[in-house]
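Novice: 3D, please:
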Amino acid sequence: MYLDELTTTEFKERIDSKTMVIWPIGAVEEHGPHLPLSTDSLQPEHIAERVAERTGALIAPPLRYGYLRQTAPFPGSISLRWDTLRSIALDILMGLAKNDVRYIVVLSGHAGRDHMSALRLAALDVVDSHDVRIWVMSDYDIAYAHMDELASQDDGHAGTIETSRIMNIRPDLVKERPGPFQPDWPRFEMLAEPREYFPDGYHGDPSAADVEKARRIDDIIVEEMVRFITEAVDRGAGE
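Specialist: Predicted structure coming up:
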């Protein structure tokens with residue numbers, strides 16, 4: 001259940017020492033010629049709903065914007081500034097903590113390093129000042145740990161795994177899938193125009209995607225999240 005569907009009275013009655021809140025975060029970001037700009041939002045929201053159904057966690061209203069760098073020049077990509085993302089995350093996490101939520105999972109579908117650093121630093125500020133435990137993760141932290149089972153090691157942005165997952169969640173938004181492509185990135189160089197090496201905005205092999213792969217990887221992600229959420233709450237209840 002999304003927590004903003006509750007009344008204020010219901011929210012007060014629902015929150016206790018075992019309440020877990022999952023906050024999905026995405027991005028408005030290009031994902032090649034075949035996937036929607038909402039790709040990084042659809043995935044964590046889908047996972048959050050499945051995990052909440054299994055654990056009884058509440059879902060905070062999603063944030064569908066993030067910090068983009070490499071993909072920012074592409075048409076349709078809309079990036080928050082890094083400081084803006086950190087400030088939004090800080091305010092929302094602080095708000096949850098002030099409402100006596102003790103356990104929070106920040107689940108990001110966008111896994112860019114700088115994007116994730118903004119979320120982690122915001123979470124650290126809240127952990128330092130409140131009696132709360134916060135996990136900051138991307139569903140791809142789990143997905144890529146199982147890469148060998150589902151795709152090639154060089155699969156990446158809008159490639160086999162990501163295309164498979166959107167085919168499962170919103171097949172109506174998936175367009176004709178292109179063939180494999182791997183950019184030849186120059187080592188160490190800071191690029192003002194990454195599209196020179198990444199012209200179609202994807203790398204990996206979208207043509208190898210299928211729904212069965214998506215179901216397998218999403219089941220793995222859900223099971224791992226359910227396990228650590230259940231263990232964390234049970235451990236906290238015994239303290």
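Novice: what about this structure, any weak spots by pLDDT?
Specialist: Scanning the chain for pLDDT under 70 picks out the ranges 237-239.
Novice: What's the biggest helix in it, counting residues?
Specialist: Criterion DSSP state H: the longest helix present in the chain is helix 211-237.
Novice: That one: which residues count as buried?
Specialist: When burial is assessed from 16 or more other C-beta atoms under 10 Å, helix 211-237 yields the following buried residues: 213-214, 217-218, 220-222, 224-226, 229, 232-233. C-beta coordinates here come from the backbone N, C-alpha and C atoms, glycine included.
Novice: And for stretch 24-33?
Specialist: Neighbour-count burial for stretch 24-33, counted by 16+ other C-beta under 10 Å, picks out 24, 25, 26, 27, 28, 29, 30, 31, 32.
Novice: Quick check: the closest residue to the last one other than its chain neighbours vs residue 31, distance?
Specialist: Spatial nearest neighbour of residue 32, excluding adjacent residues (C-beta to C-beta, 6 or more residues apart in numbering): residue 202 at 3.4 Å. Counting by C-beta to C-beta, to the nearest Å, the gap from residue 202 to residue 31 is 7 Å.
Novice: what residues are shared contacts of the two?
Specialist: Shared contacts of residue 202 and residue 31, defined by C-beta atoms under 8 Å, 6 or more residues apart in numbering, are found at 157, 158.
Novice: mind listing the strands for the protein?
Specialist: 20-25, 58-59, 103-108, 133-138 (DSSP state E).
Novice: mind checking which of those strands is nearest residue 76?
Specialist: In terms of C-beta to C-beta, the element of those nearest to residue 76 is strand 20-25, at 18.3 Å.
Novice: re the thing from before, so which of the strands of the chain gets nearest residue 81?
Specialist: strand 20-25 (15.3 Å).
Novice: I'd like to check what contacts that closest one. Which residues are they?
Specialist: 3, 41, 44-45, 47-48, 51-52, 55-60, 62-63, 66, 89, 92-93, 96, 101, 103-110, 119, 229, 232-233.
Novice: Give me the residues contacting stretch 69-79.
Specialist: Residues outside stretch 69-79 that contact it (C-beta under 8 Å, 6+ apart): 27-30, 37, 65-68, 112, 114, 157, 191, 193-195, 198, 201.
Novice: Give me the buried entries from those.
Specialist: For the contacts of stretch 69-79, buried by 16+ other C-beta under 10 Å: 27-30, 37, 65-68, 112, 157, 194, 198, 201.
Novice: which of those sit farthest apart?
Specialist: Among the buried ones among the contacts of stretch 69-79, the pair separated by the greatest distance (C-beta to C-beta) is 65 and 198, at 21.4 Å.
Novice: if we can go back for a sec, looking at the buried ones among the contacts of stretch 69-79, spot the one nearest residue 183.
Specialist: Nearest to residue 183 among the buried ones among the contacts of stretch 69-79: residue 198, at 4.8 Å, using C-beta to C-beta.
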